[in-house]
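# Let's see this in three dimensions:
(chains A and B)
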Number of protein chains: 2
Amino acid sequence: MKVIEGNVTAAKGFKAGGIHCGVKSPEGGKKDLAMILSQVECTAAATYTRNKTKADPLYVSMAHLEKGKAWGIICNSGNANACAPNGKEHAIRMCQAAAAATGHKGEDFAVASTGVIGQELNIQAILSGIPSLVESLSVQGGDDAASAIMTTDLKEKSIAVEMELGGKTVRLGGIAKGSGMIHPNMGTMLCFLTTDAAISHELLQKALREAVRVTFNRVSVDGDTSTNDMCCILANGLGENQPILSENEDYRRFMEGLAFVCRTLARAIAADGEGASRLVTCIAQNARDEEEGETVAKAVIASSLVKAAMFGADANWGRVLCAAGYSGADCHPENISVAFSSAAGRIPVCEKGKGLVFDEDLAKKILLEKEVTIEVDLNEGKTDVEAWGCDLSYEYVRINGDYRS
Amino acid sequence: MKVIEGNVTAAKGFKAGGIHCGVKSPEGGKKDLAMILSQVECTAAATYTRNKTKADPLYVSMAHLEKGKAWGIICNSGNANACAPNGKEHAIRMCQAAAAATGHKGEDFAVASTGVIGQELNIQAILSGIPSLVESLSVQGGDDAASAIMTTDLKEKSIAVEMELGGKTVRLGGIAKGSGMIHPNMGTMLCFLTTDAAISHELLQKALREAVRVTFNRVSVDGDTSTNDMCCILANGLGENQPILSENEDYRRFMEGLAFVCRTLARAIAADGEGASRLVTCIAQNARDEEEGETVAKAVIASSLVKAAMFGADANWGRVLCAAGYSGADCHPENISVAFSSAAGRIPVCEKGKGLVFDEDLAKKILLEKEVTIEVDLNEGKTDVEAWGCDLSYEYVRINGDYRS
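Now for the predicted structure:
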């Protein structure tokens, strides 16, 4: 497997595009409508938020993808179409308009929305925009699509890889958006993936669920699980590999590529969390099992106090132990050791529940890096689990104290 | 029952005091050592944090209170004596020194600490301070004690009530501290209560557990459950009521007074949360049962996004619905209605899952008050449950980005 240039159009047979249609304010002129389209029918799989308050587009996508097939994805930003008047009707009309402009059926599209909750979607703007969006679709259009699904994100998030499956080179790429209301549970923020690998629907869904579980579901920006989280993958088979129909060596390679792509996008989402000044990784080391490790690592990166300490580059390991203690994991604080590390070095600060004397200046230097790691050694077993988050800054409060207006 | 002046010294036979001994920095000279003492032996009960990372003073208090009796409470602020070298030894020595200066045994005292985690307690400062602390004890000293247990709290928190039990007037009062790392679970922040009621240990413990469950355990400032939460009550029987030995009418009256005192202190803790500019109450209305209501109400007040919206006085009800949706409660978003209220009025903003057109100026006015209420009508049953929190402000980030130094 190797990383290559590109994103959702890296795999054969996919085009994408993104335009400003008017859901976001005209002044900014920021892109707000994206489409990804395959030139042949795809096997499709998806995961969705577990929030009971689900946005209507998710229910529509679930219905459309039930058959395991799709041709494309249509997505707007600027309005989540969640708890909004005529939400279901609008989501269906987005698919129908996408279908009409591309010669398909409404059920051939997955649909997603992201943005403010509770306000009626400007469906006219979307319907008017779709024909020119379709006209703009190209293999160079992946960046525009990545940009058009952003809300408070500061950076586009995309990645692509290439792998050999049975002598054939196949590609897999994706785009994602995150920023706020990020604490996915079984679904994710918005993430759209495409591949030209040939794979059965059952195994594609299985691979996606597994990749999401160990990547997007281990990210937290603010502990709030969105109403609109969705991760969708389209596989069109144009890579001409022997179709993957069992959990063979090709499946494992595909899984490896998929997990790498999801992990890269998950980390990018954490690093670009609302107001974030740094990416914070917590590695729960030597956990009894994956569940214990995940519980601890997620509690640490989700702790407001740990996050505020990371903002201040303060080696406040007591808050780390505190978070492990209330996480619900059956861990033993008297066994736990903590260290901070980054490109600037590594510093142990707590050994088996008790503080160590350490060089505060070095700790500060380590924690001032753009990417820092909190190592929490549980000393219970042999499993390591990572989770990703970011610091809690003034900027997070500013953004969210005044988001609707 | 009526509210009276005073606090932990309102009930007969209690003295209290608070001094600066040197755990906090000498420059500020802020009080950091408190004692409450009864002139006779008390029946004692307590609840403790459920965090697995418990501070040593809690283990010492548990051991000392196992017999259901105590004479007093010794508490320092400025250092939590949690995950700290020689923690248990220091906690025991605090009790022994308190005992030596008052003519009791170490086991006659409950001990608590609050402040930074992981640093060794300046035990010498405490041991040196205890004699003058004991000398200062008085029935006027409750305010000094309330002040001496504060960390980042801006206000002292105290309350007292008087009630009639079988023709006798008994009193109950308390002091508390909160501010950050506030998300109690079965224990609480620090809260010390005294009463001259006569009541069995079993019923005192039962009453305390029940009162804590519906008050302190429904407060969240930042979702972080502390290592040091503790709520302790001393009952010395000097009120000369017929001792409460069964769940009779007197027990119910006592329970009512206790719940009122705890609720008042819980709300004071929420209102004075780190960086808080307003007290936010969430009432989950018409829940199927208490558990569902509590789950929803706590999720709403703990949501970073709801809290940031409250800081911005933004009527962002979508975030309220979102929090209810991920709370884990088996509620139905399509049934939920939301309204905001305060002294400035009441405004419904969402009816059965869909947004209402509302007057944004009025909503702003309502949300700019010092105390605001989020009403979440679940339309499922007949139970109402309240939870208390505060907004998320720049100040919270400032305080916690740089707490240790």
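
# how about the helices in chain A?
Taking DSSP state H, the helices of chain A run over residues A:56-65, A:87-102, A:123-136, A:142-148, A:201-214, A:249-271, A:290-302, A:304-311, A:317-326, A:360-367, A:394-401.

# Show the contacting residues for the nearest residue to residue A:140 once chain neighbours are set aside.
Among residues not flanking residue A:140 along the chain, residue A:9 sits closest, at 7.3 Å (Cβ to Cβ, 6 or more residues apart in numbering or on different chains). To be clear about C-beta, it is placed using only N, CA and C from the backbone, and glycine gets the same treatment. If a contact means Cβ atoms under 8 Å, 6 or more residues apart in numbering or on different chains, then residue A:9 has A:15-16, A:36, A:138-142, A:173, A:194 as its contacts.

# Residue A:330: neighbour count?
Other residues near residue A:330 come to 11 when the count uses other Cβ atoms under 10 Å in any protein chain shown.

# swap in residue A:2?
Residue A:2 is flanked by 8 other residues according to other Cβ under 10 Å.

# what bridges to the closest residue to it other than its chain neighbours?
Leaving aside its chain neighbours, residue A:2 sits nearest to residue A:162 (5.6 Å; criterion: Cβ to Cβ, 6+ apart). In this structure, residue A:162 has beta-bridge partners residue A:2, residue A:171, where bridges are defined by DSSP bridges.

# Need the per-residue pLDDT for the nearest residue to residue A:325 once chain neighbours are set aside.
Excluding its sequence neighbours, the residue lying closest to residue A:325 (Cβ to Cβ, 6+ apart) is residue B:53, at 2.9 Å. According to the predicted model, the pLDDT of residue B:53 comes to 80.

# can you put the helices of chain A in TSV and add mean pLDDT and mean neighbour count?
Supplementary listing: those in TSV, determined by pLDDT from 0 to 100; neighbours: other Cβ atoms under 10 Å in any protein chain shown:
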stretch	mean pLDDT	mean neighbour count
helix A:56-65	95	22
helix A:87-102	97	21
helix A:123-136	97	18
helix A:142-148	96	25
helix A:201-214	92	20
helix A:249-271	92	22
helix A:290-302	93	24
helix A:304-311	90	27
helix A:317-326	89	28
helix A:360-367	95	17
helix A:394-401	78	21
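
# May I see those helices organised as CSV, with distance to residue A:386 added?
Formatted as CSV, the helices of chain A follow (distance: least, Cβ to Cβ, whole Å):
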stretch, distance to residue A:386
helix A:56-65, 27
helix A:87-102, 35
helix A:123-136, 37
helix A:142-148, 24
helix A:201-214, 9
helix A:249-271, 9
helix A:290-302, 6
helix A:304-311, 15
helix A:317-326, 15
helix A:360-367, 18
helix A:394-401, 22
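
# Quickly list the domain ranges of chain A.
Residue ranges for each domain of chain A read A:2-271, A:279-401, as given by automatic domain parsing.

# Can you tell me which of these is nearest to residue B:71?
Across those, residue B:71 has its closest neighbour in domain A:279-401 (30.6 Å, Cβ to Cβ).

# measure the closest one end to end?
Using Cα to Cα, to the nearest Å, the span of domain A:279-401 from its first residue to its last is 22 Å.

# For the residue of chain A most remote from its centre, grab phi and psi.
What lies farthest from the middle of chain A is residue A:357; by Cα atoms, centre = their mean that is 38.4 Å. Reported as degrees, to the nearest 10, the phi and psi values for residue A:357 are phi -80, psi 130.

# Relative to residue A:142, how far out is it?
51 Å (Cβ to Cβ, to the nearest Å).

# now swap in residue A:258 and tell me
As defined by Cβ to Cβ, residue A:258 lies at a distance of 18 Å from residue A:142.

# What helices and strands are in contact with the longest strand anywhere in chain A?
The longest strand of chain A (DSSP state E) is strand A:33-48. For strand A:33-48, the helices and strands in contact under the criterion 3 or more Cβ pairs under 8 Å, 6 or more residues apart in numbering or on different chains; DSSP states H and E are strand A:14-19, helix A:56-65, strand A:69-79, helix A:123-136, helix A:142-148, strand A:190-195, helix A:201-214, strand A:230-235.

# For residue B:287, which of those is the nearest?
That would be, of the helices and strands packed on strand A:33-48 and by Cβ to Cβ, helix A:56-65, which comes in at 25.2 Å.

# C-alpha coordinates for the closest one, CSV please?
Written as CSV, here are the backbone C-alpha positions of helix A:56-65 (Å, rounded to 0.1, in the frame of the first residue of the first chain):
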residue,chain,number,x,y,z
ASP,A,56,-33.8,13.2,7.7
PRO,A,57,-31.1,12.7,5.0
LEU,A,58,-29.7,9.8,7.0
TYR,A,59,-33.1,8.0,6.9
VAL,A,60,-33.3,8.6,3.1
SER,A,61,-29.7,7.3,2.6
MET,A,62,-30.5,4.2,4.6
ALA,A,63,-33.5,3.5,2.4
HIS,A,64,-31.6,4.1,-0.8
LEU,A,65,-28.6,2.1,0.2
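
# is that helix anywhere near chain B?
No: contact of helix A:56-65 with chain B (Cβ under 8 Å from any Cβ of the partner chain) is absent, the minimum separation being 10.7 Å.

# What parts of the stretch 1-150 of chain A come near chain B?
That would be A:50-54, A:80, A:82-85, A:116-119, which are the residues of the stretch 1-150 of chain A within reach of chain B (Cβ under 8 Å from any Cβ).

# swap the cut-off to 6 Å and go again
Applying Cβ under 6 Å from any Cβ of the partner chain, one finds that the stretch 1-150 of chain A approaches chain B through A:51-53, A:83, A:85, A:117-118.

# now those: which count as buried?
Burial by neighbour count, 16 or more other Cβ atoms under 10 Å in any protein chain shown: within the residues of the stretch 1-150 of chain A next to chain B this picks out A:51-53, A:83, A:117-118.

# right, and out of the contacts of residue A:9, which lies closest to residue B:126?
The shortest gap between residue B:126 and any of those belongs to residue A:173, at 61.9 Å (Cβ to Cβ).

# Isn't that closest one up against residue A:7?
Yes: shown here, residue A:173 and residue A:7 form a contact pair, counting by Cβ atoms under 6 Å, at 4.7 Å.

# which residues are in contact with both of these two?
Residues touching both residue A:173 and residue A:7 (Cβ atoms under 6 Å, 6 or more residues apart in numbering or on different chains) are residue A:160.
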